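Novice: sequence plus predicted model, see below.
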Amino acid sequence: MGNVLKQDLLQQLEQLQQEAEVALAQANSSEATQAWHGEYLGRKGRLTGILRNLGSLSAEERPLVGKAANEVKMTLENVLQERQAAIAKAEMEGARSRERIDVTLPGRPQTLGRLHPTSITLREIYAIFAAMGFQVYDSPEVETDEYNFQLLNMPQGHPARDMWDTFYTTTPDLLLRTHTSPGQIHAMREYAPEPIRVILPGKVYRYEQVTARSESMFYQVEGLAVGKHITFCDLKGVLTNFANQIYGEGRPMRFRKSYFPFTEPSVEMDIECVICGGKGCGLCKYAGWLEILGAGMVHPIVLQYGGYDPSEFSGFAFGMGPDRIALQKYGIDDIRYFFANDVRLLERIG
Ligand code: FA5
């Protein structure tokens, strides 16, 4: 009876191995091999089921069947490992070919930001003046009547104030500066009696008709040099050097006599219009020239207000419009494009 059972169990084991191998060959995923393991080798699996009968065997037969069962188990575990490795490889390759990156596809274009023409021009201006020893000095955009006008030799009721009319705040005497010139007083009062060489860049505001060359908000860069023995020749030299560097050597330029209450004598500097090459157009008001800055020797009264003795010290000052310089440099015929928020402007100068 025991012998019959032994033979039967050995047969069952052999059959189990055969069936298990066939079933494993059909398992095509990690999940299927896991299920297979449960069915054949798991705690409640078929191999365990067969081994439950071991107790009915004699003491001599038991190790024989046990050994055969172990061999079946080890063989099945080995084929399972091989199968799992093969499936993992196939799954990896499948994922790789599904998710393959096609390096021959054209890239998606990225739009790059660019600097505004005025910002480019401002940076060039800083660099040119830095090379001549001028430092950048910051001064406020909101000013008092005193700084914007009175300390620049324009007392209440002075007719020249009309040229620099501005926007006023609801606080009496507080206004948006119409030029960067009030910064001259701030710088002088900070440094007197030391010599000064600064530029003062920033936004200015004007109550005025907006046209192709004039905005109501624009940039200026003020320049101020104060010291002993500073002459008009120094002013001309600095500005000529500046124009040669920013426009390139040889572009026609000219100084014209002018009037500013805070400089004496005063000049304006013009550059030949690049839009029309001097023939006359809407941008240059058909003059062939475009004014880029006002300048002059600092008025003795202004020097005094700044804390310098005019019998000992002299100085020059200038105030230029970088927006107008940018118009010229990039051949743009209307300043209103600068605030129109149209990126085609940036693409054009790129
Ligand atoms: C002044 O503002 C004087 N403060 C300049 C100055 C400084 C003279 C120091 C002497 C000594 P004016 O208003 O001309 O001057 O302006 C100076 C420059 O700013 C002009 O040459 C021009 O380039 C620019 N500018 C003036 N008005 C406008 C405007 N509405 N839009 C754009 N740029 C302007």
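Specialist: Noted; the coordinates are in hand.

Novice: what does the protein put close to the ligand?
Specialist: 179, 181, 206, 208, 214-215, 218, 220, 222, 260, 263, 291-296, 317-321, 323-324, 335 (Cβ under 6 Å from any ligand atom). Heads up, the C-betas are built off the backbone N, CA and C, glycines and all.

Novice: that's a helix at Q84, yeah?
Specialist: Yes. The assignment for Q84 is a helix, going by DSSP: H, G, I helix; E, B strand; the rest coil.

Novice: and it, how many neighbours does it have?
Specialist: 17 (other Cβ atoms under 10 Å).

Novice: before we move on, what about the one 4 residues further on?
Specialist: Counted with other Cβ under 10 Å, residues neighbouring A88 total 12.

Novice: now whichever strand or helix holds it, how far from the chain's geometric center?
Specialist: Assigned by DSSP states H and E, A88 falls within helix 61-98. Here the centre of helix 61-98 is set off from its chain's centre by 58 Å, with Cα atoms, centre = their mean, to the nearest Å.

Novice: just the residues of the chain next to the ligand: which are in helices?
Specialist: Residues of the residues of the chain next to the ligand located in helices (DSSP state H): D323, R324.

Novice: the residues of the chain next to the ligand, buried ones only, as a ChimeraX selection?
Specialist: In ChimeraX, a selection of the buried entries from those looks like this (16 or more other Cβ atoms under 10 Å):
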select :179,181,206,215,218,220,222,260,263,291,292,293,294,295,296,317,318,319,320,321,323,324,335
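
Novice: my guess is P140 meets L176, correct?
Specialist: No. When contacts are counted by Cβ atoms under 8 Å, P140 is not listed as touching L176 (10.0 Å).

Novice: so those two - more neighbours on which side?
Specialist: L176 (20 against 13).

Novice: what's near enough to touch that one?
Specialist: E141, V142, E143, T166, F167, Y168, T169, V204, Y205 (Cβ atoms under 8 Å, 6 or more residues apart in numbering).

Novice: now the residue of the stretch 51-200 of the chain found nearest the ligand: phi and psi?
Specialist: The ligand sits closest to H179 of the stretch 51-200 of the chain, with a gap of 3.4 Å, by Cβ to the nearest ligand atom. The phi and psi values for H179, taken as degrees, to the nearest 10, are phi -160, psi 170.

Novice: what residues are up against it?
Specialist: Taking Cβ under 8 Å, 6+ apart as the test, what H179 contacts is N148, W164, V204, Q220, E222, G319.

Novice: re the thing from before, list the contacts of the helix or strand that comes right after the helix holding A88.
Specialist: Downstream of helix 61-98, the first helix or strand assigned by DSSP H and E is helix 117-131. Here helix 117-131 makes contact (Cβ under 8 Å, 6+ apart) with 115, 136, 199, 201, 219, 221, 223, 241-242, 245-246, 320, 322-323, 325-326, 329-330, 332, 338, 345-346, 349.

Novice: now the helix or strand of the chain with the lowest mean pLDDT: how far from the chain's centre is it?
Specialist: Taking mean pLDDT, DSSP states H and E as the measure, the chain has helix 344-349 as its least confident helix or strand, at a mean of 81. Distance of helix 344-349 from the chain centroid (Cα atoms, centre = their mean) equals 17 Å.

Novice: much appreciated, bye for now.
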